[in-house]
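Engineer: structural data only, the sequence is not supplied:
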């Protein structure tokens, strides 16, 4: 029996992935409230560990150390804590170990936003995203599409162009509840 079938679908954590600034935290908080689960934003948890912003962590400690802590935290949460809604930072899912644990232990939702729609958000988020610092628009576009390849490994994709956070959250909740009904264990 594989790891996937060992965890009943109702007990799996729900992980939100997607490029930075697509709204994973906002949507995740709404989904958590609707499903009566706790919400974890991985970037916020790392900020608590270091007592500084992600930007400062990148600047003072470095991206390599940030990614190591990020990976350990995600693996620990996915392996040990149940009934959570987890928002991953935009780069977390590029790590193979993170992808494997998320796909084997959780339900992974990819919040997909077109490049054109995401580009409109850039002025609102660029200052708080260290990975975007000192990059040209072309370099950011390359990063966007490079990461999209990793995000293609998921359980469900929701195209979020022109959708508000409430609508996106409702789509996820409906999808999860539908899956719960389909995979409901039958009485013995």
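Structural biologist: Everything's here; your move. All values reported here derive from a predicted model rather than from experimental measurement.

Engineer: C-alpha only now, for contacts and for neighbours.
Structural biologist: OK.

Engineer: from residue 130, how far out is residue 149?
Structural biologist: With distances taken as Cα to Cα, to the nearest Å, residue 149 is found 21 Å from residue 130.

Engineer: looking at the two, which has the bigger crowd around it?
Structural biologist: Taking other Cα atoms under 10 Å, residue 149 and residue 130 do not tie; residue 130 has more neighbours (17 against 10).

Engineer: now do the closest residue to that one other than its chain neighbours, the pLDDT please.
Structural biologist: Nearest non-adjacent residue to residue 130, counting by Cα to Cα, 6 or more residues apart in numbering: residue 55, 5.2 Å away. pLDDT, the model's per-residue confidence, is 87 for residue 55.

Engineer: residue 55: how many residues sit nearby?
Structural biologist: Residue 55: 18 neighbours (other Cα under 10 Å).

Engineer: now it: how far from residue 131?
Structural biologist: 9 Å.

Engineer: repeat for residue 100
Structural biologist: Applying Cα to Cα to residue 100 and residue 131 gives a distance of 23 Å.

Engineer: more neighbours: which of the two?
Structural biologist: The neighbour count for residue 100 versus residue 131, taken as other Cα under 10 Å, is higher for residue 131 (17 against 14).
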